[in-house]
Each structure stands twice: as structure tokens, then as C-alpha cells.
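Peer 1: 3D model of this:
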Amino acid sequence: MSKPTLLERFLVRATVSAVEHITPRMRHIRLTGDSLHRLEWTPGQHVRVLVDAIRLRSYSVWEHSPDGYLDLCVLDHPAAGPGARWSREVRAGQTVAFTRPQGRLVPRDAAYHLFAGDETAAVAFGPMLRALPNSVSYGVVEVEGPDDRLPLPFTRARWLERNGPDGLADAVRGLDLPAAPGVAYLAGEARACQAVRRHLVTERGWPRRSVVVKPFWTPGKRGLD
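Peer 2: Numbers count the residues shown, from 1 in each chain. Below you'll find the predicted structure:
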């Protein structure tokens, strides 16, 4: 048996107990194991999964329970990168190695919350919204079609079918938001997130500290595929 690499020594290990489709293009992967009882996680954070011998890919945690399970939701797409290929091939019974939860895309105190992103962002938005049960939340989520919608408990939601690079920013521009800034969480495709941030900061006058941006992917960029 080969010795673990330096990277592998710092990873958490768990066993895949189930793989199923939560939408036609989204695979729900449940991990179980004793190591998950001690795992600390804040809603919105992600883990980085070792998808092959050397590559890590980031996935938001859909749910974590101290009872010993952790759920990931991985989007499949035609131009599949290493992570999407891993999600197609992983099976119950396999061992998965991943980093401890990390990331600053977590709920903050605010008068209201704005969420904007795409299918990949929806996985982070779900647990964040569940952690804000009594808060006002506005949501704009861009998807390929109606079947891609995840159950997200927004106070006010707009599901946007993909229609060009400016669709997400245009949809946020059309929202009737309160005059005072809240906190915005922007996640998904990098250029779309940047366009929404420019709108909030330059057109609505939001302070930059009130806009949290987490680019999950961008076409053609290694590591974000």
C-alpha cells in the first residue's frame, strides 16, 4: 500500500452512502462517517473534494448533521470538467477525501438579504436561507430551465431562465429593493457576479463591504471548471 501524500494527510475522509438526482442535472451525494460528527460548518461554506489523484474541486455543503452525514449537490454540464466527471462516476461505498469546510460566503446581520447567482450558487443559498428563517430575503437565480430549480425559501424570488451574459444583472436591476442597503451574496459564474456587484455599488450606492462575492466558475479557467 502506498503512503499518503502530504495533501492527503490533511483531508477528512468519509464514505458515499447514496447518490441520486435532486434535479435532472444536479446530483445529490451523501457522505457519512465518524469524522463528520466533529466537523464544524457554517451554512454557505464549501469543501474542496479530491476528485482525482491531484486535483481539488470546491462544492458548497447542502446540509451537514452532527449525526454523521454531509450532503453535496454537484451540477453536471456538457463541457464537464474533472469535478463533474467525478460526480458522474462516484458510487455508494466509495471513500471520498475533502478539506474541512471553509469560506466567507456565510450569513451576516442585515436588515434584509439579497441573493443572486446561478444553479451552482443555489446550493450555498439553500442552507444560508434556512439559517435566516425570520429574515426578509430577495433572490434572483439564473437557471437553464424550470427543472433546475432547487427548493429555496426566499421571501421574494425571481427565477430567471438563462438569456445572455447580462441577464442576472438586469434582473437584479429590476428589483424593487428598500432604499437602504442590506447585504448581498453573489455567487456562481464570475463575470455575472462582477456585473451585479458593479450595479449595486455604482448604481444603487451600496458600500463594497455590503456585497459578498464568491465566483464558483468561469468558462475556460483551469480550477474553476
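Peer 1: what ranges of the protein fall below the confidence cut-off?
Peer 2: 1-8, 79, 220-225 (pLDDT under 70).
Peer 1: I'd like the next helix or strand past the lengthiest strand in the chain.
Peer 2: Secondary structure assigned by DSSP state E gives strand 12-23 as the longest strand of the chain. Using DSSP states H and E, the next helix or strand after strand 12-23 towards the C-terminus is strand 26-32.
Peer 1: Next, the buried residues of the helix or strand just after that next one.
Peer 2: In the C-terminal direction, the helix or strand that comes right after strand 26-32 (DSSP H and E) is strand 46-50. Within strand 46-50, the residues scored as buried using 16 or more other C-beta atoms under 10 Å are His46, Val47, Arg48, Val49, Leu50. Just so you know, the C-beta spots here come from the backbone N, C-alpha and C atoms, and that holds for glycine as well.
Peer 1: which outside residues touch strand 46-50?
Peer 2: Strand 46-50 is contacted from outside by 7-8, 11-12, 56-61, 70, 72, 83, 86, 96-103, 105, 124, using C-beta atoms under 8 Å, 6 or more residues apart in numbering.
Peer 1: for this structure, what spans make up the strands?
Peer 2: Ranges of strands in the chain, per DSSP E, are 12-23, 26-32, 46-50, 56-65, 69-75, 95-98, 113-118, 137-143, 156-161, 183-189, 211-217.
Peer 1: which parts of stretch 121-136 are buried?
Peer 2: In stretch 121-136, counting by 16+ other C-beta under 10 Å, buried: Ala121, Ala122, Val123, Ala124, Phe125, Gly126, Pro127, Met128, Leu129, Leu132, Ser135.
Peer 1: So which of those is the closest to Arg149?
Peer 2: Closest to Arg149 out of the buried residues of stretch 121-136 is Ala122 (7.9 Å), distances taken as C-beta to C-beta.
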